[in-house]
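1. have a look; sequence and predicted model below, questions after that.
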Amino acid sequence: DLSPLKESTVQVCGNQTILASSLAGGDGIVTLTFLYRPGTWVIVTASKHGFVTNSAPWHASRIPREYFL
């Protein structure tokens, strides 16, 4: 089952440091904001009591643009 895991803890780590951490909502979605340089790899980890903790490498080739109205 690849459904989003609601109320799980999500961490983003880079260079052995936690860059961001948050709790997913009831829909299993979380948004994290953190500083990074394009091309730099980070590790995204999701955990919840009673489930196997899972981690995955991630990187972006450019910084996404955000627009605020």
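-> Structure received.
2. just give the number of residues close to the nearest residue in space to Ser21 that is not next to it in sequence.
-> Among residues not flanking Ser21 along the chain, Gln11 sits closest, at 4.6 Å (CB to CB, 6 or more residues apart in numbering). Using the backbone N, CA and C atoms, a C-beta is placed for each residue, glycine as well. By the criterion of other CB atoms under 10 Å, Gln11 has 18 neighbours.
3. ok, Gln11 - contacts?
-> 18, 20-21, 44-45, 47 (CB atoms under 8 Å, 6 or more residues apart in numbering).
4. what mean pLDDT does the helix or strand hosting it have?
-> Per DSSP states H and E: Gln11 is located in strand 9-14. Across strand 9-14, pLDDT averages out at 95.
5. any idea of the angle whichever helix or strand comes after that strand forms with strand 9-14?
-> Using DSSP H and E, the next helix or strand after strand 9-14 towards the C-terminus is strand 17-23. For strand 17-23 against strand 9-14, the angle by axes from the mean of the first three to the mean of the last three CA atoms, to 10 degrees is 160 degrees.
6. any idea of the mean pLDDT for strand 17-23?
-> Averaged over strand 17-23, pLDDT sits at 95.
7. name the residues of it that are buried.
-> Applying a neighbour-count criterion of 16 or more other CB atoms under 10 Å, one finds 19-20 buried in strand 17-23.
8. ok, that strand: who's next to it in the sheet?
-> With DSSP bridges as the test, strand 17-23 is paired with strand 9-14 (antiparallel).
9. may I ask you to confirm that Arg13 is in contact with Leu19?
-> Careful, residue 13 is Cys; it's not Arg. Yes: contact status for Cys13 versus Leu19: in contact at 6.4 Å, counting by CB atoms under 8 Å.
10. any common contacting residues for the two?
-> In contact with both Cys13 and Leu19: Val42, using CB under 8 Å, 6+ apart.
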